[in-house]
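Trainee: can you look at this prediction? I've put the sequence above it.
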Amino acid sequence: MNRNRLILFLAVLLLALAIVPLLAAQDDMTDVYGRALPEDAAPYALQTWRNMCRSDAVETTFTAVVSVYQRICTMGDLFSDSLVVLNNDLQLIPGAAESWEPSEDGLTWTFHLRPDQVWSDGTPLTAYDYEASYRFMADPANAYDFVWMWQGVIAGWDEAVAGEISPEEIGYRAVDDLTIEVETQTPFPPLPNTLFFWAPIQKAALEAHGANYTIDPATAVSSGPFILTEFKPGESVIFEANPTYNGYRKPILREMIGFFGDYNTYFTAFQNGEVDRVSYERLGPAEFEIIDSDPVMKDNYLPNPGDFRTDYLLMDTFNPPFDNQSVRLAFAKALDRDAIVANVIGPRLAIPAYSFLSPGFPASDVTGELHPIQAYDCDAAKQLLADAGYPDGAGFPSLTLQLRAETETVAARFVAAAASISSCLNVQIEVNNMEFSAYMTALLARPTTLQFGAVSYGMDYLDPANMLGVWVSTGRHSWRNAEFDNLVQAANAVVGDPEGRTQMYRDAERILVEDVGGIFLDHRIQGELYQPFVLGAPRELNSQGLPGYQWGNEGNWGSIYIGSTVTDVKTYRNDMGLVGE
Amino acid sequence: MLPSELYFLGAFMTGYILRRAVSLVFVLYAVATIVFFLMSAVPGGPYQFGERGYSQDAMANILAKYGLDKPVTERYVNYIRDALHLDFGKSTAVAGNPDVVNLIGQVWPVTLQVGLYTILVSFSLGLTMGIVAAYFRNSWIDNLVTFVATLGITIPSFIIATWLLLIFGFQNGWGRAHTVIIGPVVEGGYPLLAWDYFLPVITYALAPLALVARYTRSSVTDAMSADYIRTARAKGLSERAVMFRHVMRNALIPMVTVLLPQVPNLLTGSLFIEVVYGIPGLGKFFVTSIFNRDYPMIMALALLIATLWGLTYLITDILYTLIDPRIRIGGRVRSA
């Protein structure tokens, strides 16, 4: 090698040594779709979301199409996109469907899929995948656990579930590759809202491997933002960004990891940096005390309305003593909600409830006209109980307020509710926290074996048809009011008169409150505690100025990312060797 | 021992083991029957009610899916028939609905491994502490062992686990996750020894260690005060011979009675230890399968536990006869 060649070789070598790190740095700040990460993002290697999965629950599937109540990790349906989704202002926006419209008679809805959506095996996502998913859910052989959602809604659904017709005959049909038609039994304006949960499974994989194809990385396919790459039941699960995803929520995150553990240790895991978010449901008074004393955590607890959940007391109104409306109203007026919210629950976590629908929910009592009906008035409550034949509680049977496997935090509010009623009316009430299945068995038995209980309910879709539907006489409560039933059922089918429809629901709710179908305690204010380095969607404010992950906005997974400050704190993410120590 | 005595011992033990094995079969049948009908009587099922419950048709579909639409007697006959073929069905609560026997075969080795380490630690340390405490009874060593044993028994494992996690856990750099010390024997298996095992084994071992130490001390102390020990010493036997030939042998019977039944507990794991330390073992299923109404798993575990206990008591009884000649001689006298 002569001298010139040697100099040239060294120059090329130096240039290469200078360029390679630059290229590497650039790659490190680029996601799997070739997009540059936000400026304040951590390198792509650190774009990992960490979550805890319950190790003691029945969790058998990743998809709501197979089971709603047995979903693993509740990490969202990330292997495909539902037709519609909610934005941070709870407005219905396109998901996998780019548009939809009802027929003139309001009985048929047509959804148009966005073109060019593909599964990770290269095959296109089509309307036939959605059709196969809905047929799977309607098939009695699959004993789907959420069939109630479209009972009385989708044409042929009830008959298919009963085994009277084939699931192929239900009114959910693929017209062509990109068009879906949904026929309803009666006009049902909130039909699109009911479709937001259900991200489809792939028809071909379902036929080839059965519904469990989603839990085996060898057979899993995805047309959603993530794809399953590892699953060790009871140990861990890993989703990686799906490079073939072509939808509306391309993730910045590189991967999502779930590890199985005891939910009682969720907050400890958060403090250790093992998880990136904790739901308010995992936080008790002691945890909030710690959060409040820590400026960083305090700033990173982001409240939101969640699923508009209301806590309430329910009664067997078909049998004494609660078959007497005066008794029920006496109990309602003996409940000092304001004091319980102020002193037991905390104003950060709830507001007093005087009716069922939370403020902000469609058709809710925004003017407060229902407040006086069940408002705390101990003297009036005593008088009502006396009128019912129990002066000063004399002769009133002792009761047990049954709870449904509640956490310590939730149980505390119901214990306080029992104490409030007991002390005002001089009746004896014990509180018993039942096991979940035993509680629901008792509640749903006909006749019910649950005389007096406490429970909560939050929306499944954003419409009063859903929330108030739980109170109709075919619902879970042992309370019946024909006028209420008629109003709700009529309102469900009103088309073209949204104000009139809303008023019908308001009238129905007034009946519920006046007839004391339930005694409403509090509307929960929900929220999540985030690690300070979690950026993107949770930090964006909605039109009401609320930050946080808004219920129903699955699009948020497209904009959550890990900030560069992650390297400043000690976390498992860093300790796994992704950041040099 | 004379050849005729050995022959008699062999015949006696064979008959004894056979009789016990037959009685174990009846015990297992009784356990299976009782657990089956108790389980059937508990409200709920292997399905989640959710918030809204089910319509009649939907409920009928769900019951049919889990085979609960059949009369309880028919289910019982089917269950006993399948159990005789070691077929307990598929888990209803685990992802993928795996076969219960396969699932147990998959997760039990992890629990067994932790359990065996726990037995090793608790029995070796406990025996040593108990013997030393008895030998130096009423000394400061004895007081220290008694103090440690009392702590081990009285402090619940969840407190110990919390403290261990706090002191030695991740934040102080110990227990670094997934650091393997001795790799797995088979490819894809769990490592033979890893840092992950240390804290769970210490947590798990403290209570049995305390129990072993207490009973060992008590048994050895009793034996050391016996007349035959004084006689042995008077005969001029060395202290070592006195301790190992006479004291330990006689102290073993009460120790075997109390300590051996600890083994099935330790080999089948603990919900709390496994959940807190994230061990993917069998222990959690003893609780979660009941809450989740995972009937196939409940039945398989009940029979597994019953078998383990039956075998443990059988082994305990056999050990009696080997340790104490009076028991087999008594048996011969009675049988004669």
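Mentor: Thanks, I have the structure now. What you see is a predicted model, and the numbers here were worked out from it, not measured in a lab. Numbers count the residues shown, from 1 in each chain, chains lettered A, B, ... in the order given.
Trainee: residues near the residue nearest to A:Met137 when sequence neighbours are not counted, how many?
Mentor: Leaving aside its sequence neighbours, A:Met137 sits nearest to A:Tyr144 (Cβ to Cβ, 6 or more residues apart in numbering or on different chains; 4.5 Å). C-beta: built from backbone N, CA, C; applies to glycine. For A:Tyr144, the count of nearby residues is 23 (other Cβ atoms under 10 Å in any protein chain shown).
Trainee: next one: A:Arg35
Mentor: Neighbour tally, A:Arg35, other Cβ under 10 Å: 11.
Trainee: tell me the buried residues in the host helix or strand of B:Ala302?
Mentor: Using DSSP states H and E, B:Ala302 sits in helix B:295-323. Neighbour counts over helix B:295-323 (16 or more other Cβ atoms under 10 Å in any protein chain shown) mark B:295-306, B:309-310, B:312-314, B:316, B:319-321, B:323 as buried.
Trainee: would you say A:Ser82 is within a helix?
Mentor: No: assigned with DSSP: H, G, I helix; E, B strand; the rest coil, A:Ser82 falls outside any helix and is coil.
Trainee: that one and A:Pro94 touch, don't they?
Mentor: No: assessed by Cβ atoms under 8 Å, A:Ser82 is found out of contact with A:Pro94, at 10.4 Å.
Trainee: where does chain B dip in pLDDT?
Mentor: Counting by pLDDT under 70, chain B contains low-confidence ranges at B:1-2, B:5-6, B:8-9, B:169-181, B:185-190, B:195, B:325-336.
Trainee: does the helix holding B:Ala302 reach chain A?
Mentor: No: judged by Cβ under 8 Å from any Cβ of the partner chain, helix B:295-323 makes no contact with chain A; its nearest approach is 11.0 Å.
Trainee: which stretches in the stretch 51-200 of chain B count as strands?
Mentor: B:180-182, B:193-194 (DSSP state E, counting those that start in this stretch).
Trainee: which strands or helices does the last one pack on?
Mentor: In this case it means strand B:193-194. strand B:180-182 (3 or more Cβ pairs under 8 Å, 6 or more residues apart in numbering or on different chains; DSSP states H and E).
Trainee: assign the residue nearest to A:Met137 to helix, strand or coil.
Mentor: Quick answer, by three-state DSSP: A:Tyr144 is coil.
Trainee: what's the distance between it and B:Ala58?
Mentor: 8 Å (Cβ to Cβ, to the nearest Å).
Trainee: can you give the domain ranges for chain A?
Mentor: Per the record, chain A has its domains at A:78-209, A:310-524, by automatic domain parsing.
Trainee: from the chain's centroid, how far away is the helix or strand hosting B:Arg19?
Mentor: Element membership of B:Arg19, judged by DSSP H and E, is helix B:3-41. In this view, helix B:3-41 has its centroid 18 Å away from the chain centroid, taken as Cα atoms, centre = their mean, to the nearest Å.
Trainee: how about stretch B:96-106?
Mentor: Going by Cα atoms, centre = their mean, where stretch B:96-106 is centred and where its chain is centred differ by 21 Å.
Trainee: and the end-to-end length of stretch B:257-271?
Mentor: Length of stretch B:257-271, first residue to last, Cα to Cα, to the nearest Å: 26 Å.
Trainee: wait, is A:Asn556 part of a strand?
Mentor: No: assigned with three-state DSSP, A:Asn556 falls outside any strand and is helix.
Trainee: contacts only, for the closest residue to chain B within chain A.
Mentor: Nearest residue of chain A to chain B (Cβ to the nearest Cβ) works out as A:Ser437 at 2.8 Å. With contact taken as Cβ atoms under 8 Å, 6 or more residues apart in numbering or on different chains, A:Ser437 is in contact with B:Pro43, B:Gly44, B:Gly45, B:Gln48, B:Phe49, B:Arg293.
Trainee: check A:Leu314 too.
Mentor: A:Leu443, A:Leu450, A:Phe452, A:Gly453, A:Ala454, A:Val455, A:His477, A:Ser478, A:Trp479, A:Gly517, A:Gly518, A:Ile519.
Trainee: among those residues, which ones are in strands?
Mentor: A:Phe452, A:Gly453, A:Ala454, A:Val455, A:Gly518, A:Ile519 (DSSP state E).
Trainee: ok, the residues you listed vs B:Thr73, which is closest?
Mentor: Closest approach between the ones in strands among the contacts of A:Leu314 and B:Thr73, by Cβ to Cβ: A:Gly453, at 33.5 Å.
Trainee: what's the local residue count around the closest one?
Mentor: With other Cβ under 10 Å as criterion, A:Gly453 counts 24.
Trainee: burial count for the nearest residue to it once chain neighbours are set aside?
Mentor: Leaving aside its chain neighbours, A:Gly453 sits nearest to A:Gln402 (4.4 Å; criterion: Cβ to Cβ, 6+ apart). Applying other Cβ under 10 Å, we find 23 residues neighbouring A:Gln402.
Trainee: which strands or helices does the helix or strand containing A:Gln402 pack on?
Mentor: Following DSSP H and E, one finds A:Gln402 within strand A:399-404. Under the contact criterion of 3+ Cβ pairs under 8 Å, 6+ apart, strand A:399-404 touches helix A:408-425, strand A:429-434, helix A:436-444, strand A:452-457.
Trainee: could you give the angle of it to strand A:429-434?
Mentor: Angle, strand A:399-404 to strand A:429-434, by axes from the mean of the first three to the mean of the last three Cα atoms, to 10 degrees: 30 degrees.
Trainee: quick one: strand A:399-404 to chain centroid distance?
Mentor: Using Cα atoms, centre = their mean, the offset of strand A:399-404 from its chain centre is 26 Å.
Trainee: also stretch A:46-53?
Mentor: So, by Cα atoms, centre = their mean, the centroid of stretch A:46-53 is 19 Å from its chain's centroid.
Trainee: what's in contact with it?
Mentor: A:31, A:37, A:41, A:59, A:72-73, A:75, A:237, A:252-261, A:263, A:266, A:269, A:274-277, A:560-562, A:566-567, A:572-574, A:578-579.
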